[in-house]
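fold the following and give me the result.
(chains A and B)
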2 protein chains.
Amino acid sequence: MRWARIETADGPRYGIVEGDSIATVEGSPFDGHAPTGERVALDAARFLPPVVPPTFYAAGLNYPEHAVAAANKRGEVPSLPETADIGYRAVNALTGHRQPIVIPADATERVQYEAELVAVIGRTARNIREDEVRGHLLGYTIGNDVSERHWQAHDRTLWRAKNTDSFAPMGPWIDTEFDPAGTETIVRLNGEETIRFATDSMIFSVETFIARMSRYLTLAPGDVVWMGTEGAGPNMKHGDLCEIEIAGLGTLSNPVIREGM
Amino acid sequence: MRWARIETADGPRYGIVEGDSIATVEGSPFDGHAPTGERVALDAARFLPPVVPPTFYAAGLNYPEHAVAAANKRGEVPSLPETADIGYRAVNALTGHRQPIVIPADATERVQYEAELVAVIGRTARNIREDEVRGHLLGYTIGNDVSERHWQAHDRTLWRAKNTDSFAPMGPWIDTEFDPAGTETIVRLNGEETIRFATDSMIFSVETFIARMSRYLTLAPGDVVWMGTEGAGPNMKHGDLCEIEIAGLGTLSNPVIREGM
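Below is the predicted model of the structure:
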């Protein structure tokens, strides 16, 4: 089942994707729902982030080539993370499928995508084992961890490098049956493929991260865990279209604009 | 006016502190409220965090002696932050006035308080000037940024050092008229004063932080900005009581327990 969240005349609504339309519901996949009887064509839908998480977790460095590239940029000897230490992003940065990524006027040219698998928590999780993690997920979606590399290197935190409004597109939907094993993540910039990698070639798996997190903290329904990205992307500029496909899950597509252009 | 949030037989409720009781309301200070006609004695109230923020911001290093002490601990030459770069904490860590700080069984002895002024956003803020910030605040409360120093120094992120469940007590209430200018922050551990500092001796003011943040991101009603702490605290252990007073605002009081004791 695929859960989208869209803007309607009655406000934000969850809906189930069926063929080329979305059957909207009252309620949510997290705490019960009933059909409204209304349908919205996929083509006409205004997609919202499929969930606004209570806490927005992000793995950061979690694929080998990306970790090495990041260390090289900092002039450091590459070393892979030794433990699954989760990081954070902020909900103000979220935007939906097809909504624009808006680059601030004073950002440098070095604004880049990061294609990420996103795990969505479905049931409260505290002190769970790795083999119990899948049973606590609602499913998976796709994230684009847009990053301004100058701010990322020079600010004391990632506040505007990665959390500027619109720098966290997420969607198009949450797929409740998706399994990342054996799938590929593909990025296309203006229709041209720029990277392709094995979605499951992570340093630490979804299960490893979430079981470890749950030893110290309570994961809540709707929390999201962005799993990191591979490689290093080209710059994105005003007028570009960035598409992230995870095969079998969907494609998250966002145009890029620069303020004042 | 002082807004508390408490657990009642009808679930979480906001209420207005009047003398030695809380007059509960339906709704919230952010989007309208009506009195329920019921009152709860302050002594009997079960306090919740006065707000669960959409985004939980934290200034980190923002007082001169704390910044120097932190640099010394890392063996670095002390240098004060040159720009107001905001950081983040996570809502799972929040707990209320009088609720216990629970130290995980495998934490070291080096668990310490950090007494902080907290600004609470009342109205959506984007691209506002410093002189417009106060008009976008609902008011102020108090936070205790509990920190496990070994994890803080050795993990790649602050995930369990500062975001373990219960490591972010906040309260007791939001004061809508409080002005930090000229006030003192005082911490007492087991009744004994351990530090006292000028609340407004921050490196960057509330106004500087929030105006700068609003150039890149939208602050939402209920967002909180923890403003950092001064000095370096002693360790807290099982059985301790940590009280943080900001004169004119209130006292946030939390017992400390260690898992398995």
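
what pLDDT does whichever residue of the stretch 1-150 of chain A sits closest to chain B get?
The stretch 1-150 of chain A approaches chain B most closely through A:D85 (4.0 Å), counting by CB to the nearest CB. C-beta: built from backbone N, CA, C; applies to glycine. pLDDT, A:D85: 95.

isn't it up against B:T157?
Yes. If you go by CB atoms under 8 Å, A:D85 and B:T157 touch, sitting 4.8 Å apart.

same drill for those two, tell me which one is more crowded.
The neighbour comparison of A:D85 against B:T157 (other CB atoms under 10 Å in any protein chain shown) goes to A:D85, with 22 against 19.

for A:I203, see how far away the closest residue to that one other than its chain neighbours is.
Nearest residue to A:D85, sequence neighbours excluded (CB to CB, 6 or more residues apart in numbering or on different chains): B:R156, at 4.0 Å. According to CB to CB, to the nearest Å, B:R156 and A:I203 sit 12 Å apart.

give me the common contacts of the two.
Shared contacts of B:R156 and A:I203 (CB atoms under 8 Å, 6 or more residues apart in numbering or on different chains): A:L61, A:P81.

of these two, who's got more company?
A count of neighbours by other CB under 10 Å puts A:I203 above the other of B:R156 and A:I203, at 18 against 14.

ok now the helix or strand encompassing A:A4, how far from the chain's centre?
For A:A4, the host element (DSSP states H and E) is strand A:2-8. Centroid separation for strand A:2-8 versus its chain: 16 Å, with CA atoms, centre = their mean, to the nearest Å.

show me what it is packed up against.
Other helices and strands packing on strand A:2-8, by 3 or more CB pairs under 8 Å, 6 or more residues apart in numbering or on different chains; DSSP states H and E, are strand A:11-18, strand A:21-28, strand A:32-41, strand A:46-47, strand A:168-175.

out of those strands, which one sits most buried?
Highest mean neighbour count of the helices and strands packed on strand A:2-8: strand A:168-175, a mean of 28 (counted as mean count of other CB atoms under 10 Å in any protein chain shown).

so what are the sheet partners of the helix or strand following that strand and their directions?
Remark: after strand A:168-175, the chain's next helix or strand is strand A:184-189, criterion DSSP H and E. Next to strand A:184-189 in the sheet, as set by DSSP bridges, lie strand A:192-198 (antiparallel), strand A:241-246 (antiparallel).

what parts of the stretch 101-250 of chain A come near chain B?
A:104, A:126, A:155-157, A:159-160, A:163-165, A:213, A:215-220 (CB under 8 Å from any CB of the partner chain).

filter those to the buried ones?
Neighbour counting by 16 or more other CB atoms under 10 Å in any protein chain shown classes A:104, A:155, A:157, A:159-160, A:163-165, A:213, A:216-220 among those as buried.

so which of these are in helices?
Secondary structure from DSSP state H places A:W159, A:R160, A:N163, A:M213 of these in helices.

tell me the one of the residues you listed nearest B:D145?
If you rank those by distance to B:D145 using CB to CB, A:W159 comes first, at 17.0 Å.

export stretch A:249-261 to CSV, keeping only CA atoms.
Below are the C-alpha coordinates for stretch A:249-261, written out as CSV (Å, rounded to 0.1, in the frame of the first residue of the first chain):
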residue,chain,number,x,y,z
LEU,A,249,9.4,2.6,-4.3
GLY,A,250,8.9,5.7,-6.5
THR,A,251,10.4,8.9,-7.8
LEU,A,252,10.7,12.1,-5.9
SER,A,253,10.9,15.0,-8.3
ASN,A,254,11.6,18.7,-7.5
PRO,A,255,12.4,21.8,-9.7
VAL,A,256,15.1,24.1,-8.5
ILE,A,257,14.8,27.9,-8.3
ARG,A,258,17.0,30.6,-6.9
GLU,A,259,15.5,33.5,-5.0
GLY,A,260,15.5,36.7,-7.0
MET,A,261,15.9,35.0,-10.4
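
if you count neighbours, what's buried in it?
By neighbour count with 16+ other CB under 10 Å, stretch A:249-261 contains the buried residues A:L249, A:G250, A:L252, A:S253, A:N254, A:V256, A:I257, A:R258.

just stretch A:91-100 next, same as before
Neighbour-count burial for stretch A:91-100 flags A:V91, A:N92, A:A93, A:L94, A:T95, A:G96, A:H97, A:R98, A:Q99 (criterion: 16+ other CB under 10 Å).

in space, not sequence, find me the middle residue of chain A.
Central residue of chain A (CA atoms, centre = their mean): A:G143, 1.8 Å from the mean position.

is it true that it touches A:Y113?
No. Counting by CB under 8 Å, A:G143 does not reach A:Y113; the two are 10.2 Å apart.

which stretches in the stretch 1-150 of chain A count as strands?
For the stretch 1-150 of chain A, strands defined by DSSP state E, counting those that start in this stretch occupy the ranges A:2-8, A:11-18, A:21-28, A:32-41, A:46-47, A:56-58, A:87-89, A:94-95, A:101-103, A:111-112, A:115-121, A:137-144, A:147-148.

of all those strands, which one is nearest B:P169?
strand A:87-89 (19.2 Å).

adjacent strands (with direction) for that closest one?
In the sheet, strand A:87-89 lines up against strand A:56-58 (antiparallel) (DSSP bridges).

pull the residues that contact the partner strand.
A:86-91, A:94, A:116, A:145, A:168, A:213, A:223-226, A:228, B:90.

fine by me, thanks again.
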